[in-house]
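In: I need the structure of the sequence given here:
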Amino acid sequence: MRSRVLVLAGPSGAGKSHLAERLGVPVLRLDDFYKDGSDPTLPRLVSGANAGLVDWDHPDSWLPDDALATMTELCRTGRASVPVYDISRDGRCGTQPLDLGGSAFFLAEGIFAQDVVQPCREAGLLAAAFCVTQHPARTFWRRLTRDLRERRKPPLVLVRRGVALWRGQRAVVADAVGKGCRQVRPEEAFREISALVAGATTTEVD
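Out: Residues are numbered from 1 along each chain as shown. Take a look at the predicted model:
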């Protein structure tokens, strides 16, 4: 393997993308592997104020096999073609190349990241897996301001979704931990991953 994957799971809005930017390690955005909004297999909400809308927080709304194939290619060759997903348009709007540039690690982050931990471990691709968490109120506010800024959905839909995710945050964290992730705060993950990257760099230099 040319590289190994560091998985960043956790609730939407917990700071995974911001953490990835700070680390400066190549990033595979697992949220780009969502199904297109026209896909008839998409799950839908059956209750609540948003009943009838696509349930984008359900694992059946994305393509884990495609994500795993891409991660395998990245680990073996150091490069892959990855989809570009436009959330506001509910679909892919093209592809782009991802080149690891010789990096010993890359990050795979997204709200379904916990579902790739075991397959990556079994395939010998996994370096470590983290579930990034913050206080639910902070996560709610970060998520809502981000989604409103990026105009991901109508404001009322975003507020209702945010409240539902706030209530379900404990279950999301428990699911990630149960699937092999270690629960950490963003700063703790930053320190540990930085140390891993620095160690790999030192080894290469030696």
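In: hey, let's count contacts and neighbours off CA atoms from now on
Out: OK.
In: Residue 44 and residue 8, how far apart?
Out: Distance, residue 44 to residue 8, by C-alpha to C-alpha, to the nearest Å: 26 Å.
In: cool, and residue 134?
Out: Counting by C-alpha to C-alpha, the separation of residue 134 from residue 8 is 14 Å.
In: And the two? Which one has more around it.
Out: Legend: neighbour count by other C-alpha atoms under 10 Å for residue 134 and residue 8, higher for residue 8 (29 against 17).
In: low-confidence ranges in this structure?
Out: For the chain, the stretches with pLDDT under 70 are 136-137, 140-141, 162, 165-166, 201-206.
In: Now do the helices for it: every range, in order, please.
Out: Using DSSP state H, the helices assigned to the chain run over residues 16-23, 64-77, 117-122, 136-149, 155-178, 186-205.
In: Of those, flag the one that's most buried.
Out: Among the helices of the chain, helix 64-77 has the highest mean neighbour count (mean count of other C-alpha atoms under 10 Å), at a mean of 19.
In: Against which helices or strands is it packed?
Out: strand 4-9, strand 79-86 (3 or more C-alpha pairs under 8 Å, 6 or more residues apart in numbering; DSSP states H and E).
In: which residues are contacting the shortest one?
Out: Right, strand 4-9. The contact list for strand 4-9 (C-alpha atoms under 8 Å, 6 or more residues apart in numbering) reads 16, 71, 75, 104-114, 117, 120, 125-132, 176, 181.
In: go on, stretch 31-42?
Out: In contact with stretch 31-42 (C-alpha under 8 Å, 6+ apart) are residues 54-55, 60-64, 66-67, 82-85, 89-92, 109-112.
In: for it, which positions count as buried?
Out: Buried residues in stretch 31-42, counted by 16 or more other C-alpha atoms under 10 Å: 31, 32, 33, 34, 35, 36, 37, 42.
In: So what's the gap between that stretch and the chain middle?
Out: How far stretch 31-42 lies from its chain's middle: 15 Å, per C-alpha atoms, centre = their mean, to the nearest Å.
In: End to end on it, go ahead and measure it.
Out: Between the opening and closing residues of stretch 31-42 there is a gap of 15 Å (C-alpha to C-alpha).
In: same deal with stretch 51-58?
Out: Start-to-end span of stretch 51-58 (C-alpha to C-alpha) is 14 Å.
In: For it, buried residues please.
Out: Neighbour-count burial for stretch 51-58 [16+ other C-alpha under 10 Å]: 55, 56, 57.
In: now the nearest residue in space to residue 51 that is not next to it in sequence: how far from residue 179?
Out: Closest residue in space to residue 51, ignoring its immediate chain neighbours: residue 45 at 4.7 Å, by C-alpha to C-alpha, 6 or more residues apart in numbering. As judged by C-alpha to C-alpha, residue 45 and residue 179 stand 24 Å apart.
In: Give me the contact list for stretch 142-161.
Out: 12, 13, 14, 49, 50, 87, 88, 162.
In: which residue packs closest to the fourth one, ignoring adjacent ones?
Out: Meaning residue 49. Nearest one to residue 49, counting by C-alpha to C-alpha, 6+ apart, is residue 160 at 7.3 Å.
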